[in-house]
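Colleague: I would like to see how this sequence folds:
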Amino acid sequence: MYAIVEIAGQQFKVSKDQQIFVHRLEGEVGSKVEFEQVLLTDDNGKVKVGAPVISGAKVSAKILSHDKGDKVIVFKKKRRKGYQKSNGHRQQFTKIAIESVKG
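Modeller: Residues are numbered from 1 along each chain as shown. Sure, this is the predicted structure:
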């Protein structure tokens with residue numbers, strides 16, 4: 001069984017015992033979170049599609065860690081003008097483990 005769920009503004013295809021990185025979530029490491037924005041479920045070929053969400057369906061997960069992604073360097077330059085600017089950014093992620101998918 002798998003489900004397509006909206007987590008922090010993005011859609012993910014999740015199934016039980018899967019670990020994924022999502023945008024930073026509120027909550028401490030080890031706490032449980034539930035997502036009720038389930039858009040689609042598939043249970044051995046039986047597909048249910050929500051309009052826009054499926055009522056009563058939920059995905060529960062456990063927060064494993066809060067991490068930072070790789071550094072992205074933004075470099076701007078205008079030729080022959082002496083203008084150079086360098087900037088860096090590290091996106092913050094939360095690693096979660098999907099515990100159950102209820103449709």
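Colleague: is the residue positioned nearest the centre of the chain in a bridge, and if so with what?
Modeller: In the chain, the centroid-proximal residue (CA atoms, centre = their mean) is V22; its distance is 2.8 Å. Assessed by DSSP bridges, V22 has beta-bridge partners T94.
Colleague: for T41, same thing?
Modeller: A3, K48.
Colleague: ok so, going back, residues in contact with the residue nearest to the centre of the chain?
Modeller: Neighbouring residues of V22 by CB atoms under 8 Å, 6 or more residues apart in numbering: 7-8, 10, 12, 93-94, 96. Yep, even glycine has a C-beta here, placed from its N, CA and C like the rest.
Colleague: Now which of the residues you listed would you call buried?
Modeller: Using 16 or more other CB atoms under 10 Å as the burial test, the contacts of V22 include 7, 12, 93-94, 96 as buried.
Colleague: any idea which of the residues you listed is the one closest to M1?
Modeller: For these, the closest approach to M1 (CB to CB) belongs to F12, at 14.7 Å.
Colleague: which ones are touching that closest one?
Modeller: With CB under 8 Å, 6+ apart, F12 has these contacts: 4-6, 20, 22.
Colleague: can you check R90 too?
Modeller: With contact set as CB under 8 Å, 6+ apart, R90 has these partners: 68-72.
Colleague: Kindly recompute the last result at 6 Å.
Modeller: 68-69, 71 (CB atoms under 6 Å, 6 or more residues apart in numbering).
Colleague: H66 too?
Modeller: Applying CB under 6 Å, 6+ apart, we find H66 in contact with T94.
Colleague: same thing but at 10 Å, please
Modeller: By CB atoms under 10 Å, 6 or more residues apart in numbering, H66 lies in contact with 24-25, 27-29, 92-95.
Colleague: what's the answer for K46, then?
Modeller: With contacts defined as CB under 10 Å, 6+ apart, K46 is in contact with 1, 103.
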